[in-house]
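> Pasting the sequence and the predicted coordinates here, then a few questions.
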Amino acid sequence: MGSRLAWFALLIVLCAGTGYYFYANRPAISEPPVVDTSTRDRYLTEKIQTSYQKVVSSPRNAAHWGEYGMVLLANDLPKPALECFATAEKLDSTNVRWTYLQGYQLAQETSADAVEKLKNALNKIPPQESKHVAVALLNLAELATKLGDPEQGLTYLQALPTPNPFPDRKAYVQALIQFHKKKYQEVLDELPKLLNNPFAAKPACLLLIRAAQAAEEKALVEKYEKLNKTLPQLEWEDPFLEEVAIFREGIKARLNRMIFLERTGELISAKELGEQLVQDYPREDVLLTYGTLLARNRDFRRASDLLKKAHDLNPQNTEVLFQLGLLNFVQGRSAYEEGKLDLANSFLNESITWLEKLTKEKNDHAAALGTLALALGYSGKRSRGLAVVQEARKTLPDRYDLALVEAELWMLEKDAEKMRAALQQAEKIAPANREVQQVKGQLEYRLANPPRKK
């Protein structure tokens with residue numbers, strides 16, 4: 001009996017000692033970063049404060065630290081986000097997210113510290129998760145090249161999984177490597193292929209500008225600088241960042257969510273969110289974005305009301321002017337095709353008014369010039385419409401959509417030969433383009449079946 005008690009006492013001592021050892025040697029953690037939310041909108045403030053309180057309530061919970069970091073990173077607060085990811089990694093070193101997101105953000109800053117983090121993340125990713133493997137390698141390849149080692153960048157590219165899930169990003173990094181090797185002509189020859197990819201277009205255009213400058217191709221510099229002004233900044237596809245995007249808040253994020261709902265067919269939910277946004281934030285950007293969404297979905301009366309309010313707030317906003325011109329043109333052309341010519345002219349004349357305000361100040365807005373030309377054409381001023389589009393084509397010779405506009409005006413003139421010549425020019429600018437072929441079929445049909453006046 002005494003022997004058993006002694007062994008039991010020894011076991012208690014050993015357990016207590018082991019527990020104390022792990023307690024004493026557990027990773028030290030700092031206080032969670034406090035973010036000033038006084039200038040943030042209420043949606044984002046609530047999100048940040050909720051995530052912060054989770055960390056305070058469970059300071060050794062890696063998932064709560066990681067979530068707080070993702071909230072901060074998603075909402076343009078990268079420095080405190082890095083602190084959170086570092087602590088999350090200390091508390092759970094097996095979770096690749098926290099390691100990768102540190103490496104990703106450090107890579108955005110072209111920091112050499114990102115290399116180790118991205119390599120560590122790569123070692124934690126199961127090989128079958130090809131998208132995750134690929135983004136880690138692509139980040140490493142791009143970073144190595146920017147840090148002055150394009151050969152190492154090429155080595156990372158060669159390690160990409162087969163098939164590579166991100167061929168356009170690989171092509172961009174290959175062009176970046178060629179740029180750092182001073183092979184500028186190869187960049188100028190190969191990179192324009194990426195301009196049709198919305199995710200690749202902005203970085204490709206910026207690299208084309210640098211290559212054209214290095215090659216002293218002034219005309220190309222001017223061409224790509226003009227194009228760059230029209231391109232949105234979109235993130236490369238990245239499965240890790242998709243998780244982060246869920247935590248985006250604030251007006252911009254809510255606008256993006258509204259557009260996402262529309263694109264996925266949930267138009268009622270998109271409208272509910274849009275109406276709430278314009279009620280809470282009757283700002284120019286909110287009115288413009290929601291008004292444009294409504295116009296796309298043919299809710300023209302409400303769209304016009306919102307866009308005119310946006311115009312009242314900023315009469316110089318070129319996108320507002322364009323959208324007002326466009327929505328009136330769409331209604332005018334629709335009425336024209338139904339044979340309701342008086343109604344058509346009413347909308348078309350208003351469209352012309354808005355678009356002329358825009359194009360008098362800004363003569364390189366291809367979409368506005370094309371729409372103005374069509375509005376003039378459908379309102380009976382076809383010679384003026386042709387003059388507008390032909391002058392625009394001299395300034396912007398690479399725009400196939402302007403060639404399609406000219407073809408449509410020749411269709412209105414019932415000049416089949418000139419219509420087909422303009423279509424051939426559009427095909428030459430954009431070979432095998434689906435939109436060109438679609439418009440070609442529509443114009444041929446409409447030439448043979450003109451609308452009747454009602």
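Okay, I see it.
> Now for residue 115: which residues touch it?
By CB atoms under 8 Å, 6 or more residues apart in numbering, the residues touching residue 115 are 103, 140, 143, 144, 147. In short, each C-beta sits where N, CA and C put it, glycine included.
> Go through these and flag which are in helices.
103, 140, 143, 144 (DSSP state H).
> how much space between the first one and residue 116?
In this structure, residue 103 and residue 116 are separated by 8 Å, where distance is defined by CB to CB, to the nearest Å.
> Looking at these two now, which is surrounded by more residues?
Neighbours were counted for residue 103 and for residue 116 using other CB atoms under 10 Å; residue 103 has more, 27 against 13.
> Grab the nearest non-local neighbour of the more buried one.
In this structure, residue 103 finds its nearest non-sequential neighbour in residue 117, 3.3 Å apart by CB to CB, 6 or more residues apart in numbering.
> before we move on, what about residue 308?
Spatially, and ignoring its direct neighbours in sequence, residue 308 is nearest to residue 324 (7.1 Å; CB to CB, 6+ apart).
> what's the spacing between that neighbour and residue 302?
Residue 324 sits at a distance of 13 Å from residue 302 (criterion: CB to CB).
> Which strands and helices lie in contact with the helix or strand where residue 293 lies?
Secondary structure assigned from DSSP states H and E places residue 293 in helix 284-296. Using 3 or more CB pairs under 8 Å, 6 or more residues apart in numbering; DSSP states H and E as the contact test, the elements touching helix 284-296 are helix 250-263, helix 267-280, helix 300-313, helix 318-337.
> Please identify the deepest-packed of those helices.
helix 318-337 (a mean of 22; mean count of other CB atoms under 10 Å).
> what comes into contact with that one?
Helix 318-337 has contacts (CB under 8 Å, 6+ apart) with 284, 288, 291-292, 295, 300, 303-304, 307-308, 310-311, 314, 341, 343-348, 350-352, 354-355, 357-358, 361-362, 365, 367-368, 371-372, 374-375, 378-379, 451.
> what's the spacing between residue 130 and residue 122?
12 Å.
> more crowded one of the two?
Using other CB under 10 Å as the criterion, residue 130 and residue 122 rank with residue 122 on top: 21 against 18.
> what sits against the nearest residue to residue 273 once chain neighbours are set aside?
In space, and not counting its chain neighbours, residue 273 is closest to residue 258: 4.6 Å by CB to CB, 6+ apart. Going by CB under 8 Å, 6+ apart, residue 258 touches 270, 273, 274, 277, 289, 290, 293.
> Relative to the whole chain's centre, how far out is the helix holding residue 293?
Chain-centre distance of helix 284-296: 17 Å, with CA atoms, centre = their mean, to the nearest Å.
> which residues of the stretch 251-400 of the chain score low on pLDDT?
Counting by pLDDT under 70, the ranges of the stretch 251-400 of the chain that qualify are 361-363.
> Am I right that residue 61 is in contact with residue 55?
Yes: counting by CB atoms under 8 Å, residue 61 touches residue 55, with 7.5 Å between them.
> can I get the helices and strands packed on helix 284-296 in CSV with distance to residue 383?
Shown next, in CSV, are those (distance: least, CB to CB, whole Å):
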stretch, distance to residue 383
helix 250-263, 39
helix 267-280, 41
helix 300-313, 29
helix 318-337, 18
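> For residue 398, find the nearest of the ones you listed.
Closest of those to residue 398 is helix 318-337, at 20.0 Å (criterion: CB to CB).
> ok, now which ones touch the residue lying closest to residue 398 once chain neighbours are set aside?
Closest residue to residue 398 apart from its sequence neighbours, by CB to CB, 6+ apart: residue 429 at 6.3 Å. Neighbour list for residue 429: 397, 398, 399, 400, 403 [criterion: CB under 8 Å, 6+ apart].
> Columns distance to residue 169 on top of the residues you listed, output as JSON lines?
What follows is the contacts of residue 429, written out as JSON lines (distance: CB to CB, whole Å):
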{"residue": "397", "distance to residue 169": "29"}
{"residue": "398", "distance to residue 169": "24"}
{"residue": "399", "distance to residue 169": "26"}
{"residue": "400", "distance to residue 169": "26"}
{"residue": "403", "distance to residue 169": "31"}
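> Scan those and report the most crowded one.
residue 403 (25 neighbours).
> That one contacts residue 426, correct?
Yes: the pair residue 403 / residue 426 is scored as a contact, 3.8 Å apart, by CB under 8 Å.
> Mark out where each domain of the protein begins and ends.
If you go by automatic domain parsing, the domain ranges for the chain are 249-313, 316-357+365-390, 397-449.
> Residue 33: which of these is closest?
Among those, domain 249-313 comes nearest to residue 33, with 17.1 Å by CB to CB.
> What helix or strand is residue 188 located in?
helix 184-190.
> neighbouring contacts of that helix?
171, 174-175, 178-179, 207-208, 211-212, 214-215, 217, 220.
> Take those residues and keep only those in helices.
Judged by DSSP H, the contacts of helix 184-190 include 171, 174, 175, 178, 179, 207, 208, 211, 212, 214, 220 as members of helices.
> Quick check: closest non-adjacent residue to residue 197.
That would be residue 168: by CB to CB, 6+ apart, it lies 5.0 Å from residue 197.
> Could you tell me how many residues sit around the one you found?
Here the number of neighbours of residue 168 (other CB under 10 Å) works out to 18.
> So for the host helix or strand of residue 155, what gets flagged as buried?
Assessed by DSSP H and E, residue 155 sits inside helix 150-158. Neighbour-count burial for helix 150-158 flags 150, 152, 153, 154, 156, 157 (criterion: 16 or more other CB atoms under 10 Å).
> now for it, which elements pack on it?
helix 130-146, helix 167-180.
> which residues sit against the first one?
Among residues not part of helix 130-146, those counted as contacts by CB under 8 Å, 6+ apart are 96, 100, 103-104, 107, 110, 114-115, 118-119, 121-122, 125, 127, 150, 152-154, 156-157, 159-161, 164-166, 169-170, 173, 176-177, 180, 236-240.
> Stretch 83-100 now?
By CB under 8 Å, 6+ apart, stretch 83-100 touches 27, 29-30, 32-33, 55, 60-63, 65-66, 68-69, 72, 101-102, 105, 117-118, 120-121, 124-125, 132, 136, 240, 243.
> Compute the number of surrounding residues for the closest residue to residue 356 other than its chain neighbours.
Leaving out its chain neighbours, the residue that sits closest to residue 356 by CB to CB, 6+ apart is residue 372, at 6.7 Å. By other CB under 10 Å, 27 other residues sit near residue 372.
> Can you tell me the centre-most residue of the protein?
Geometric centre of the chain, nearest residue: residue 234, 2.8 Å, by CA atoms, centre = their mean.
> thinking that one is in contact with residue 204, fair?
No: in this structure, residue 234 is not within contact of residue 204 by CB under 8 Å, at 11.7 Å.
> who's in contact with the residue nearest to residue 356?
For residue 372, the contacting residues are 325, 351, 352, 355, 356, 359, 385, 388, by CB under 8 Å, 6+ apart.
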